[in-house]
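J.: model the following, please.
(one chain, ligands or ions: 1)
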Amino acid sequence: KKASPLFGKKVMVTAGPTYEAIDPVRFIGNHSSGKMGFALADELAKLGADVTLIAGPTAQKAAQNLKRIDVVSAQEMFEACNSIFAETDITVMCAAVADYRPKQVATQKIKKQDSDLVLELEKTTDILASLGRAKKTNQILVGFALETNDEENYAKGKLEKKNLDLVVLNSLNDKGAGFKSDTNKITIFNKALERTVFEMKSKSDVAKDICAAILKIAK
Ligand code: C5P
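T.: Alright, predicted model coming up:
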């Protein structure tokens, strides 16, 4: 059916930030609103896919026609992704996952002291890289890249290092692009490192462009 080109396809989308606990009341987070990932999940569902949206803490509301799994930390997101990845045909990793988390999580609220406080951080699992290693030839894996400098080279490096089929670059250098805004400006690289540059658009129209790029490589 032309109206449902992704009918029967199992799709996983991650969205939003992760929160890494410091103590029971504090965390390390980031400015991701989840808007881009939710718009993508919505568009993929409209194309007929069976969508599971794995969302970090966000105020976004998901459409009715998709499954939503809410997580808080990078570790929880990793476990949720792992639990369904083997059965997924298409995976789009839009979440802004924390790269580091506090090594110790205090069980009680940390009291203010006279001295400065040093927090030791440890690396989280790179979920996308881990899925890239597990990926089978019939699975499509799409990653995002947000850079402030030398962005095209980093995006291409990510595509190869993480074994991706597409990488979507959004630049913080463009006004109206990235985190909280309702618009975004992207460049998509495919495996052949061919580049497609798009105009600034609403995140729902950006989602349509990303879906079109996915449809081009989906069988
Ligand atoms: O390497 P970098 O973190 O910039 O790559 C960004 C891409 O990797 C995004 O698609 C993001 O969702 C994913 N990612 C991830 N797990 C991490 C860090 C990033 O899945 N721990």
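J.: can you tell me how far the residue nearest in space to the middle of the chain sits from the ligand?
T.: Nearest to the mean C-alpha position of the chain, counting by Cα atoms, centre = their mean, stands C94 at 1.7 Å. C94 is 6 Å from the ligand, where distance means Cβ to the nearest ligand atom, to the nearest Å. Glycine gets a C-beta too; all of them are placed from N, C-alpha and C.
J.: surely that residue is in contact with M36?
T.: Yes: with contact defined as Cβ atoms under 8 Å, C94 counts as touching M36 (5.5 Å).
J.: longest strand anywhere in this structure?
T.: strand 140-147 (DSSP state E).
J.: and the next helix or strand past it?
T.: Next in sequence after strand 140-147, counting helices and strands by DSSP states H and E, comes helix 151-161.
J.: with just CA atoms, put the following helix or strand past that following helix into CSV.
T.: Following helix 151-161 in sequence order, the next helix or strand is strand 166-171 (DSSP H and E). Taking Å, rounded to 0.1, in the frame of the first residue of the first chain, the C-alpha atoms of strand 166-171 are listed here in CSV:
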residue,chain,number,x,y,z
LEU,A,166,22.3,7.4,7.9
VAL,A,167,23.5,10.2,10.1
VAL,A,168,21.4,13.4,10.6
LEU,A,169,23.5,16.4,11.5
ASN,A,170,22.0,19.3,13.2
SER,A,171,24.1,22.3,13.7
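J.: list, one by one, the residues from this protein near the ligand.
T.: Residues of the chain lying close to the ligand by Cβ under 6 Å from any ligand atom are 14, 74, 93, 95, 97, 99, 124, 126-128, 143-145, 158.
J.: one more pass at 8 Å, please.
T.: Within the chain, the positions adjacent to the ligand are 14, 74, 77-78, 81, 93-99, 124-131, 142-147, 154, 158, 162, 167-168 by Cβ under 8 Å from any ligand atom.
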